[in-house]
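Student: Return atomic coordinates for the entry below.
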Amino acid sequence: MSVTVQNLTKIYGTQRAVDDISFEARPGEVLGFLGPNGAGKTTTMKVITTFIPPDEGAAAVCGFDVVKQPMEARRRIGYLPEHNPLYKDMYVREYLGFIAGLHQLKNARRRVGEMIEVTGLEREQHKVIGALSKGYRQRVGLAQAMLHDPDVLILDEPTSGLDPNQLADIRKLIKQLGQEKAVIFSTHIMQEVKAICDRVLIINRGKIVANDSIEELQRRIAAESVVTVEFQKEPPRKALSALPRLRELRDLGKNRFQLISEPEADLRPALFDFAVEHHNKLLELHKEVYEIDEVFQKLTN
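Tutor: Here you go, the predicted structure:
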């Protein structure tokens, strides 16, 4: 396991910013770390990255305690904070060379070149960082986070300011990195969660309210199962209404219907058999699911 958090608590005055949370981030997955503003996400990430100590509980990176062995933990972390701290008077290649020196990389020149290529900074590498757009500054931040080939990547809003083309490239890169590293990915953009994350951890008011795959969370919060179907010709209503476990039949017009059943039921196999039995054809058949933003709202409101 690359990151383990156990009963972590951080208190500011009378506020429990993080309240007795436990989770793990494993190699080979991208963990989406979600929550409303002020939920405790950034505080948690700052504890894991050794910027601040916890008041209670513990956190470890690749087996190294972030309080007792902070330097060993830091060596294994690549961190891109929300407010990307860059030396804006330095050139891109110069800055990455400086970061490589801090990490004491033996193959610094080659590694800097690789990161420039991976993050698409070839045309910008000889520019002053302060002259770059916000999107390209984010790329420089990603390059410095990955420069020393860390086991764990912690990315706080890494796609902020990227245009659609840049966004697609960085999403692909993060997904690739998640195949071999543990990636903790914080964002407010729900489409990114669906596109990138293997598992989602949602924190609200300092407490974890969900920790599962997107599909499982969608299933878990559903109060009912809704299937939409369209037949080629009008089906016998009485027989359709008699399907097992059906709660409600809604007529949408033009031979289209919505069938409502209990959450764990899936009427699609029965509808397929129904169409065959009554010599009809299915033009549409799909199960309605909650989108990830609806899941988020239900769990944090």
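Student: where do the helices sit along this structure?
Tutor: Per DSSP state H, the chain carries helices over the ranges 41-48, 70-75, 92-102, 108-118, 134-146, 164-177, 190-196, 214-221, 237-241, 268-277, 292-300.
Student: Just send the ones you listed back as CSV, with distance to residue 207 too.
Tutor: In short, each C-beta sits where N, CA and C put it, glycine included. Formatted as CSV, those follow (distance: least, Cβ to Cβ, whole Å):
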stretch, distance to residue 207
helix 41-48, 11
helix 70-75, 24
helix 92-102, 36
helix 108-118, 37
helix 134-146, 28
helix 164-177, 27
helix 190-196, 19
helix 214-221, 16
helix 237-241, 44
helix 268-277, 36
helix 292-300, 11
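Student: Just send those back as TSV, with mean pLDDT and mean neighbour count too.
Tutor: As requested, those are exported to TSV (pLDDT from 0 to 100; neighbours: other Cβ atoms under 10 Å):
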stretch	mean pLDDT	mean neighbour count
helix 41-48	93	23
helix 70-75	94	16
helix 92-102	95	18
helix 108-118	93	17
helix 134-146	90	22
helix 164-177	82	16
helix 190-196	84	18
helix 214-221	79	16
helix 237-241	93	12
helix 268-277	94	14
helix 292-300	80	18
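Student: Nearest to residue 82, out of these?
Tutor: Set against residue 82 and scored by Cβ to Cβ, the helices of the chain come closest in helix 41-48, at 6.6 Å.
Student: Residue 173 against residue 118, yeah?
Tutor: Yes. Using Cβ atoms under 8 Å, residue 173 is in contact with residue 118, at 6.6 Å.
Student: Now residue 270: closest residue in space, sequence neighbours ignored.
Tutor: Computed as Cβ to Cβ, 6 or more residues apart in numbering, the closest residue to residue 270 that is not its neighbour in sequence is residue 243, at 5.3 Å.
Student: Quick one: residues contacting that neighbour.
Tutor: With contact set as Cβ atoms under 8 Å, 6 or more residues apart in numbering, residue 243 has these partners: 259, 267, 270, 271, 274.
Student: Of those residues, just say which sits nearest to residue 197.
Tutor: For these, the residue nearest residue 197 by Cβ to Cβ is residue 267; the value is 29.2 Å.
Student: so who does that closest one touch?
Tutor: By Cβ under 8 Å, 6+ apart, the contact list for residue 267 reads 225, 227, 243, 245, 246, 259, 261.
Student: neighbour-wise, which of the residues you listed leads?
Tutor: residue 259 (24 neighbours; other Cβ atoms under 10 Å).
Student: My guess is residue 67 contacts residue 55. True?
Tutor: No. If you go by Cβ under 8 Å, residue 67 and residue 55 don't touch, sitting 11.0 Å apart.
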